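Participant: just need the structure, nothing else, for what follows:
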Amino acid sequence: VYKTISSMPSTSKFMELCEGVNDDILKSAGLRDVYAASDSKDAESKWQQAALLYYIFYQGEKGGTRFNIPSGDKLVRSFNNYRYTVYVPTDEAVEREIKNGLPTWDTIEEYLETNLIRPEKPAGEPLRPTDTEAEDYEEQVKKYEAELEAWKSTIEYKLYEADLAKDEAVKLKAQAMINTLVNFLKYHFQDESVFVDNVNESGDYMTACISNDNYLNINVKQSNGSMVLTDAGGQKVSVSAAQQNLIARDAHYNATTNPRLIESSSYVVVHQLDQALHFEPLSDGRWDGAWKSAKKAKAFLAKYGTQK
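Facilitator: Numbering: from 1, shown residues only. The predicted model follows:
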């Protein structure tokens, strides 16, 4: 699938968005914070598993999951030994969405670098006593708690807390941007292989995009020699006559180098679109309304912030 899409005309913008994610951006947006604060021995492994869900294509190993395919190729992360359809918007179609506020990985990174304060904890934090066997341990704890309270009441610490709160709001908006982009991409990956053919059929199919922990559908209407999609945003989008019914196979091998057998595979049909699909109706025709405020970002994440 990766090579098929890459070889199609006018697909570089879509592929740039599919491949632009990296762990550093996810960490900067605070998506790793809950794992970093955990004392669990497998916290890092769980973080890698969570981070993987934001990737569209992958090659190699991450979070205990292997994607065995020779160098120069990648597998669709969400595919699972089944039949699928991929809709690929043209460069012009993707550019229209970006002009209408769809974030890119570059704009997300720029937003984080420009707005994150990353304050340093002020000096003077007392150390909690650790020798629980000491005769005066309880007195040490009381002294520590008094010193900690005094430290937290300093102007320096209050300013530090204020900067932390500002950073949390920035991270919240960045997470809304990230989930908007990832859900936009995932909505173009659909369960079941549906072809442009001489048939008259209509049906709803699940995409890889999730809302409220449920996979969002797309309606596909096939008629003689054409296919029209109705997305969750209410748009009707026709499959391009020039690039349709491209057959591909995503094969997971027993190894990345010198593979001898296919352990699992998915069969895929790829169609190109002159208009990108929307996983929700846009507010005033723009994507960026989802993070105009921290409150809106939080509401958006409550609905679309789960990745699978």
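Participant: ok, which stretches of the chain are helices?
Facilitator: Ranges of helices within the chain are 2-7, 12-19, 23-28, 33-36, 43-52, 91-99, 105-115, 137-152, 155-186, 294-304, based on DSSP state H.
Participant: so which of these is nearest residue 83?
Facilitator: Residue 83 lies closest to helix 2-7 among the helices of the chain, at 15.3 Å (Cβ to Cβ). (Each C-beta comes from the backbone N, C-alpha and C, glycine too.)
Participant: chain center to the closest one: distance?
Facilitator: 21 Å (Cα atoms, centre = their mean, to the nearest Å).
Participant: quick check, central residue of this protein?
Facilitator: residue 54 (3.1 Å; Cα atoms, centre = their mean).
Participant: give the contact list for it.
Facilitator: 21, 26, 31, 178, 182, 307 (Cβ atoms under 8 Å, 6 or more residues apart in numbering).
Participant: again, 6 Å this time
Facilitator: By Cβ atoms under 6 Å, 6 or more residues apart in numbering, residue 54 lies in contact with 21, 182.
Participant: one step back: just put the helices of the chain in CSV and tack on mean pLDDT and distance to residue 207.
Facilitator: Listed next are these as CSV, based on pLDDT from 0 to 100; distance: least, Cβ to Cβ, whole Å:
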stretch, mean pLDDT, distance to residue 207
helix 2-7, 97, 16
helix 12-19, 98, 15
helix 23-28, 97, 22
helix 33-36, 92, 27
helix 43-52, 95, 19
helix 91-99, 98, 16
helix 105-115, 98, 21
helix 137-152, 96, 48
helix 155-186, 97, 7
helix 294-304, 95, 13
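Participant: for the residue nearest to the centre of the chain, give its distance to residue 46.
Facilitator: 14 Å (Cβ to Cβ, to the nearest Å).
Participant: excluding its backbone neighbours, what's nearest residue 102?
Facilitator: residue 287 (4.7 Å; Cβ to Cβ, 6 or more residues apart in numbering).
Participant: neighbours of that neighbour, how many?
Facilitator: 20 (other Cβ atoms under 10 Å).
Participant: can you check residue 82 too?
Facilitator: Based on other Cβ under 10 Å, the number of other residues close to residue 82 is 14.
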